[in-house]
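Chemist: need a structure here:
(chains A and B)
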Amino acid sequence: NAGVMQNPRHLVRRRGQEARLRCSPMKGHSHVYWYRQLPEEGLKFMVYLQKENIIDESGMPKERFSAEFPKEGPSILRIQQVVRGDSAAYFCASSPGTQGKTEAFFGQGTRLTVV
Amino acid sequence: AQSVTQLGSHVSVSEGALVLLRCNYSSSVPPYLFWYVQYPNQGLQLLLKYTSAATLVKGINGFEAEFKKSETSFHLTKPSAHMSDAAEYFCAVSLIQGAQKLVFGQGTRLTINP
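Modeler: Reported below is the predicted structural model:
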């Protein structure tokens, strides 16, 4: 059973370009969470999605950031018109649900560098 | 709102010595508490979690943590450090058992001296 797969592992973008980060949850997991880790800081919650639904996006910046988790395919975190401050590690986690003794399994992250 | 404070951004111990990483939390309701480990350029791996059962929680790799409600603490310990324990450790709190909106501390970088 493969773990949470994120790609690419490293992404370099010039200021003003778009960044697309992909996350394939573990098999059987229908809940996906995105976190951002700025240099020398802990992880900060961004968004929680289920298939085709955004459940909680209270941690997402109001502009330029969007996320989706379509019925088929991976979850996508999209950052438009990137700026240097977007440079960070972006982690995706997945879980099978919210009831009972569930836990999140994290991917290895995508390290975004904006030059 | 919940918050987590990890005391000491860097901790250095000798191989074989006791490891103690401190975590204090604030929460308006009984929390669920987690410790994660992050090796360089890797994702986070769950070490252990407190979910209102036993207050002393045993995790992987010989780590354990004790939930102390009176002190609002969830410190992580290991009796004898190994070189392989060198990593970044994150304490996190949640109001529910799942992964939704985990609130993380800033992390403690553990260095092991030979």
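Chemist: mind checking how far residue A:33 is from residue B:65?
Modeler: Distance, residue A:33 to residue B:65, using Cβ to Cβ, to the nearest Å: 23 Å. All C-beta atoms are positioned from the backbone trio N, CA, C, and that covers glycine.
Chemist: repeat for residue B:41
Modeler: Distance, residue B:41 to residue B:65, by Cβ to Cβ: 25 Å.
Chemist: In terms of neighbours, single out the busier of these two.
Modeler: Ranked by neighbour count (other Cβ atoms under 10 Å in any protein chain shown), residue B:41 and residue B:65 place residue B:65 first, with 26 against 11.
Chemist: Can you tell me the element that one falls in?
Modeler: Remark: residue B:65 resides in strand B:64-68, with elements defined by DSSP states H and E.
Chemist: Please name every helix or strand in contact with that strand.
Modeler: For strand B:64-68, the packing partners by 3 or more Cβ pairs under 8 Å, 6 or more residues apart in numbering or on different chains; DSSP states H and E come out as strand B:32-38, strand B:44-50, strand B:56-58, strand B:73-78.
Chemist: can you list the ones you listed in TSV and add mean neighbour count and mean pLDDT?
Modeler: Converted to TSV, these look like this (neighbours: other Cβ atoms under 10 Å in any protein chain shown; pLDDT from 0 to 100):
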stretch	mean neighbour count	mean pLDDT
strand B:32-38	24	92
strand B:44-50	20	91
strand B:56-58	14	94
strand B:73-78	21	97
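Chemist: Just the element for residue A:111, please.
Modeler: For residue A:111, the enclosing helix or strand under DSSP H and E is strand A:110-114.
Chemist: Which elements pack onto that strand?
Modeler: On a contact count with 3+ Cβ pairs under 8 Å, 6+ apart, strand A:110-114 meets strand A:10-13, strand A:19-24, strand A:88-95.
Chemist: quick one: that strand to chain centroid distance?
Modeler: The chain centre lies 12 Å from the centre of strand A:110-114; the measure is Cα atoms, centre = their mean, to the nearest Å.
Chemist: List of residues touching that strand?
Modeler: For strand A:110-114, the external contacting residues (Cβ atoms under 8 Å, 6 or more residues apart in numbering or on different chains) are A:6-15, A:19, A:21, A:79, A:82-90, B:41.
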